[in-house]
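Peer 1: Okay, predicted coordinates and the sequence, questions at the end:
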Amino acid sequence: MTSTFQGIEIGKRAVVAHQQALTTTEHNIANMNTEGYSRQRVDFTAFDPIFLPGLEREETPGQIGQGVAIQQIIRLRDELLDQQIVAHASTEGFWNTTDPYIRMLEQIYHEVGDTSIRGRLDQFWDAWQELANYPADIPPRTAVVERGKTLVDTIQKNYKALKGLQDMAEQDIRITVDKVNYLAGQIAGLNRDIQRIEAQGDNANDLKDRRDLLTDRLSALIDVTVDRRDPDEYMIHTAGMILVQGSVSREFSLRRNQGDEGYSRVYWQDTGEEVKFRNGSLAALFELRDVTIQNEINSLDNFTMNFMDLVNEVHSSAYGLNNATGNDFFVNRPYVTNVAGNYDRSGDGEYDSSYIFRINGVNTLEANAQIGLEGVITLSGPDGNVEIEYYPTDRVIDVITRINNSGAEVVARLNREGQLQLKGTPVQGWENPPFVIRHVEDSGFFLEGYAGLLNARGPEGAFDWTVPDAVDILRGGSYDYAVAPNAHPSGWIEINPNILRDVTTVAAGFGENDRAANPGNGEAAIALASLRYDRVMVGKNMTFTEYFADTVGRVGALGERSGYEKETHNQTMKDLQAMRQSVAGVNLNEEMADMLRFQHGFNAAARFITTVNQMLDTLINRMGV
């Protein structure tokens, strides 16, 4: 039998349900501008009726309803769309981080008037041309020195700007790693709170919104995947490993590596394994620091080394107005101070390596002469040694071209005396030092008897940097090699102090038969001025001007690509966010309609309680006794 007061209970349930629905609507409106908030909805359900099936139920027609109840309050969210946003956020984060750095890189190469390296180079060559016209005068020599100093300052300025940009990327890496650790810890903490709340049967809607927002931010920094298969253990993976598992999060640590010029690498703090990210802001910063900017520094260093070496090659063999000879025009800080290039790479106090930048053969070669020899030259490369075959029908220039196009980190040329010259180049990565020849070997007789560079052929006569005094294997002895420069010659190039003290040391002419050049001899100055038009960038077959034009064009292409990629991915993310907002966003028109609907439901329930109360009053107080 039903209760007399059943109507009061049904009305109360209706009032409470609609009041809670109004509160939820108010909560939605209040958070319409809250980042990451998802619209919440109240699901109504009929309360369990009286007289469920059973043997003792009262025999009345049908079941008697008991009003309404709130089944749950859910947030409106499309998990498939959320996964797409997380997956795309790392790509967007990559290009959003890359583009500003490329813009700053473009500013470094922004050439205005004569202030660029190209402009300073032209002025330097013009000064040598002027000296060639007046080789016996001091003012043209002073102009050569002053133009050289200006060029050196410009090269150093560009190097410092590139190095500063690289250091900025390092600082951003440190900041980003701290952010990743913080976000991972916050997500793990929210997981713990969500588990506690949902263990009691409630939906932790606001906490889940906060967790999803932090996950979105994390996915912009590193590439992550989210695993929701276990509702009690929300998991995030990155770099093939678990970053967050339920209420537990792992952290990253940074370690400086002296082999990487003191720059940091990211490691798992608990296992010590290095982490390689594929996407996101952090991956972009590593690529910028270790590849994009480093390549530009290598390019500037490569120019500086070739430029110095070629100028010094001519200048050191010429005579100044004071009859001085054997003076380099430019000097650089050497990587090692040992005259044989010996270096203690392991740090145990014993020489174990040879850091040699350039080695020369002793024989004079003709570029178009047919070599008549067959064999395989083995040179050091970025991923192990590189083999270059040569054949009897090859000319000397063919072998040189093949070496320069082989991808080895050694290049070849004929110097002004016609001798074969091998040089170390900038390297890829940090594992090996730049401008160091690491291995030279020939199975035939080209480098031994023909060029006069090695003393013997085969492995027994190979030059290898992993032993001290490796120069002893060279045919030319101590006069036909040069030790490696500082890691970044573009930051250390200077005018020879001897020339700065006495400008008459600037050489303009070649001597004959060990006799000093005549004061009116300007052959050396002409040879130096002609370097402007020679294709002297070894391995590139370019003039100095073409080399810098290529560099500026390459940076411009990087800027164009980064701008396009950023715009494209930002638009894609904007579209995905708009789709999410259409599902989870708060719509004021809908909320106002819901508010009116729930208000009418509340008023009707309240009116129903009033009616039931009047009926009970009649029943209790107005029936006669």
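Peer 2: Alright, I've got the coordinates.

Peer 1: residues near the residue nearest to E366 when sequence neighbours are not counted, how many?
Peer 2: Using Cβ to Cβ, 6 or more residues apart in numbering and skipping residues adjacent in sequence, the residue nearest E366 is V396, 6.5 Å away. Every residue, glycine included, has its C-beta placed from N, CA and C. Using other Cβ atoms under 10 Å, V396 has 22 other residues around it.

Peer 1: and V396, what is it in contact with?
Peer 2: By Cβ atoms under 8 Å, 6 or more residues apart in numbering, the residues touching V396 are 365-369, 371, 414, 420.

Peer 1: run the last query once more with 7 Å
Peer 2: The neighbourhood of V396, defined by Cβ atoms under 7 Å, 6 or more residues apart in numbering, consists of 365-367, 369, 371.

Peer 1: what about the helix or strand hosting T25, distance to the chain center?
Peer 2: Element membership for T25 (DSSP states H and E) is helix 6-30. For helix 6-30, the separation from the chain centroid amounts to 55 Å (computed by Cα atoms, centre = their mean, to the nearest Å).

Peer 1: Next, the buried residues of that helix.
Peer 2: Across helix 6-30, burial judged by 16 or more other Cβ atoms under 10 Å covers 7, 10-11, 13-19, 21-22, 24-25, 27-28.

Peer 1: neighbouring contacts of it?
Peer 2: 39-40, 42, 44, 47, 66-70, 73, 586, 591, 594-595, 598-599, 601-602, 605-606, 608-609, 612.

Peer 1: Out of the buried residues of helix 6-30, which one has the lowest pLDDT?
Peer 2: Minimum pLDDT across these is recorded for G7, with 84.

Peer 1: just so I have it, where are all the helices in the stretch 101-250 of the chain?
Peer 2: Using DSSP state H, counting those that start in this stretch, the helices found in the stretch 101-250 of the chain span residues 117-133, 139-198, 205-221.

Peer 1: The chain too?
Peer 2: Along the chain, the segments classed as helices by DSSP state H run 6-30, 79-108, 117-133, 139-198, 205-221, 280-287, 293-315, 396-404, 497-501, 523-529, 544-584, 588-621.

Peer 1: one step back: what's the closest of the buried residues of helix 6-30 to L190?
Peer 2: Proximity of the buried residues of helix 6-30 to L190 (Cβ to Cβ) peaks at H27, which lies at 18.9 Å.

Peer 1: Now for the protein, the helix or strand with the poorest mean pLDDT.
Peer 2: Within the chain, no helix or strand scores below strand 481-483, which has a mean of 85 by mean pLDDT, DSSP states H and E.

Peer 1: tell me the domain ranges of this protein?
Peer 2: Domain segmentation of the chain under automatic domain parsing yields 6-76+586-621, 78-333+488-584, 336-484.

Peer 1: Show the low-confidence segments of the protein, by residue range.
Peer 2: Scanning the chain for pLDDT under 70 picks out the ranges 1-2, 51-63, 111-113, 258-259, 476-479, 537-541, 624-625.

Peer 1: List the buried residues for stretch 254-266?
Peer 2: For stretch 254-266, by 16+ other Cβ under 10 Å, it's 260, 263-266.

Peer 1: returning to that earlier point: mind putting the helices of the chain into a markdown table with distance to V336?
Peer 2: A markdown table is the format used below for those (distance: least, Cβ to Cβ, whole Å):
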| stretch | distance to V336 |
| --- | --- |
| helix 6-30 | 69 |
| helix 79-108 | 30 |
| helix 117-133 | 28 |
| helix 139-198 | 21 |
| helix 205-221 | 41 |
| helix 280-287 | 30 |
| helix 293-315 | 16 |
| helix 396-404 | 25 |
| helix 497-501 | 20 |
| helix 523-529 | 29 |
| helix 544-584 | 28 |
| helix 588-621 | 73 |
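
Peer 1: Figure out which of those helices is closest to A239.
Peer 2: Using Cβ to Cβ, the nearest of the helices of the chain to A239 is helix 280-287, at 9.9 Å.

Peer 1: picking up where we left off before, E233: which of the helices of the stretch 101-250 of the chain is closest?
Peer 2: Ranking the helices of the stretch 101-250 of the chain by proximity to E233 (Cβ to Cβ) places helix 139-198 first, at 7.8 Å.

Peer 1: and that closest one with helix 205-221, angle?
Peer 2: Counting by axes from the mean of the first three to the mean of the last three Cα atoms, to 10 degrees, helix 139-198 lies at 150 degrees to helix 205-221.

Peer 1: ok so, going back, please identify which of the buried residues of stretch 254-266 is nearest to A220.
Peer 2: Among the buried residues of stretch 254-266, and counting by Cβ to Cβ, the member closest to A220 is V266, at 16.7 Å.

Peer 1: Next up, the contacts around the nearest residue to the closest one once chain neighbours are set aside.
Peer 2: Leaving aside its sequence neighbours, V266 sits nearest to V275 (Cβ to Cβ, 6+ apart; 4.6 Å). Residues near V275 by Cβ under 7 Å, 6+ apart: 239, 252, 266-268.

Peer 1: The residues you listed, buried ones only, as a ChimeraX selection?
Peer 2: For the buried members of the contacts of V275, the matching ChimeraX selection, counting by 16+ other Cβ under 10 Å, is:
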select :239,252,266,268
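
Peer 1: Check the contacts of V275 and tell me the two furthest apart.
Peer 2: By the measure Cβ to Cβ, A239 and Y267 form the most distant pair in the contacts of V275, at 11.1 Å.

Peer 1: just checking, P392 touches G372?
Peer 2: Yes - with contact defined as Cβ atoms under 7 Å, P392 reaches G372; the gap is 4.9 Å.

Peer 1: surely Q186 meets L214?
Peer 2: Yes - applying Cβ under 7 Å as the test, Q186 and L214 come out as touching, 5.5 Å apart.

Peer 1: if I look at V427, how far off is A484?
Peer 2: According to Cβ to Cβ, to the nearest Å, V427 and A484 sit 11 Å apart.

Peer 1: one step back: what distance do you get for the residue nearest to V266 to L105?
Peer 2: Distance from V275 to L105, by Cβ to Cβ: 26 Å.

Peer 1: cool, and Q83?
Peer 2: Distance from Q83 to L105, counting by Cβ to Cβ: 34 Å.

Peer 1: Quick check: the gap between the nearest residue to F510 once chain neighbours are set aside and E512.
Peer 2: Nearest residue to F510, sequence neighbours excluded (Cβ to Cβ, 6+ apart): E523, at 5.0 Å. Separation of E523 from E512 (Cβ to Cβ): 10 Å.

Peer 1: if you count what's nearby, which of these two comes out ahead?
Peer 2: E523 (16 against 10).

Peer 1: list the contacts for the spatially closest residue to T98 that is not a sequence neighbour?
Peer 2: Counting by Cβ to Cβ, 6+ apart, A284 is the residue found nearest to T98 once chain neighbours are left out, at 4.7 Å. Contacts for A284 (Cβ under 7 Å, 6+ apart) come out as 94, 97-98.

Peer 1: And Q83 and L105? Which one has more around it.
Peer 2: Set Q83 next to L105 and count neighbours by other Cβ under 10 Å: L105 wins out with 22 against 13.

Peer 1: Many thanks, have a good one.
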